[in-house]
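> the sequence and its predicted three-dimensional model are supplied below.
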Amino acid sequence: MPSRPHSVETDSPKDRLAGLYERMEQAYDQVADRIGLSCSHCLDNCCTSYFQHHTYIEWAYLWSGLETCSPSRRQAVQEKAQAYVQATREALAADLKPGMMCPLNQDGWCDLYAYRMMICRLHGVPNRVRMPDGQTREFPGCATTQQLVSGQSRFPALDRTPFYVELAQLEREFLSSGSRSLPRVKLTLAEMIVQGPPPIKFD
């Protein structure tokens with residue numbers, strides 16, 4: 001199903017981010033369908049992957065989802081996030097790669113699926129991104145994907161570039177609505193939960 005038309009002039013940043021997320025999912029699904037990728041019964045749970053996120057607008061969107069939860073559920077998520085942050089710090093201090101389960105994962109499912117971050121929506125399929133210097137970086141996808149395309153010289157890949165460009169533009173506009181400059185974001189999802197809502201929120 002095609003995403004609804006969006007208007008830069010009239011849609012709020014939150015609505016535009018939701019539209020971008022929807023288009024990300026559609027592009028992901030097209031590639032996943034072509035290579036036969038399904039997350040059902042996958043033993044390589046991507047919710048244990050260690051990711052740091054870099055945008056205030058996604059942080060705000062995540063918290064708009066958390067605020068739809070009951071106080072008891074939000075407290076439970078925050079407690080899991082605190083445990084995640086502590087375990088991650090200990091792993092990094094020991095020069096180990098963190099591999100804890102995401103605090104939003106509940107019985108194998110994301111509790112805030114509609115509010116999940118960009119990388120959660122694009123991780124898994126083969127993908128590429130064109131860097132600002134013009135170089136293109138290629139990523140093979142998750143372990144299941146690599147098995148599916150093993151031995152194939154050509155297979156579809158998701159181009160993340162236009163989504164990154166649009167997200168960067170949304171981030172610039174979102175930050176310009178604030179009253180002060182902010183440092184760059186480099187936080188895990190759990191840290192975004194533990195620290196609370198970002199300094200700038202949706203109107």
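Yep, that arrived.
> when you work out contacts or count neighbours from here on, use the C-alpha atoms and nothing else.
OK.
> where do the helices of the chain begin and end?
Remark: helices assigned in the chain by DSSP state H are 13-35, 56-66, 71-93, 118-122, 143-148, 161-176, 189-194.
> and the ones you listed as JSON lines, adding mean neighbour count and distance to residue 104?
Formatted as JSON lines, the helices of the chain follow (neighbours: other CA atoms under 10 Å; distance: least, CA to CA, whole Å):
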{"stretch": "helix 13-35", "mean neighbour count": "17", "distance to residue 104": "18"}
{"stretch": "helix 56-66", "mean neighbour count": "22", "distance to residue 104": "10"}
{"stretch": "helix 71-93", "mean neighbour count": "16", "distance to residue 104": "6"}
{"stretch": "helix 118-122", "mean neighbour count": "17", "distance to residue 104": "12"}
{"stretch": "helix 143-148", "mean neighbour count": "15", "distance to residue 104": "22"}
{"stretch": "helix 161-176", "mean neighbour count": "15", "distance to residue 104": "23"}
{"stretch": "helix 189-194", "mean neighbour count": "22", "distance to residue 104": "9"}
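> out of the ones you listed, flag the one nearest residue 45.
Of all the helices of the chain, helix 143-148 sits nearest to residue 45, with 9.9 Å by CA to CA.
> tell me the mean pLDDT over the closest one?
In this model, helix 143-148 carries a mean pLDDT of 89.
> gap between residue 80 and residue 102?
Note on residue 80: its distance to residue 102, by CA to CA, to the nearest Å, is 8 Å.
> also residue 18?
For residue 18, the distance to residue 102 (CA to CA) stands at 22 Å.
> just residue 52 next, same as before
Going from residue 52 to residue 102 by CA to CA gives 12 Å.
> who has more neighbours, the two?
Comparing residue 52 with residue 102 by other CA atoms under 10 Å, the one with more neighbours is residue 102, at 20 against 15.
> before we move on, back to that, Throw the helices of the chain into JSON lines and include distance to residue 106, thanks.
Converted to JSON lines, the helices of the chain look like this (distance: least, CA to CA, whole Å):
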{"stretch": "helix 13-35", "distance to residue 106": "21"}
{"stretch": "helix 56-66", "distance to residue 106": "14"}
{"stretch": "helix 71-93", "distance to residue 106": "10"}
{"stretch": "helix 118-122", "distance to residue 106": "15"}
{"stretch": "helix 143-148", "distance to residue 106": "22"}
{"stretch": "helix 161-176", "distance to residue 106": "28"}
{"stretch": "helix 189-194", "distance to residue 106": "14"}
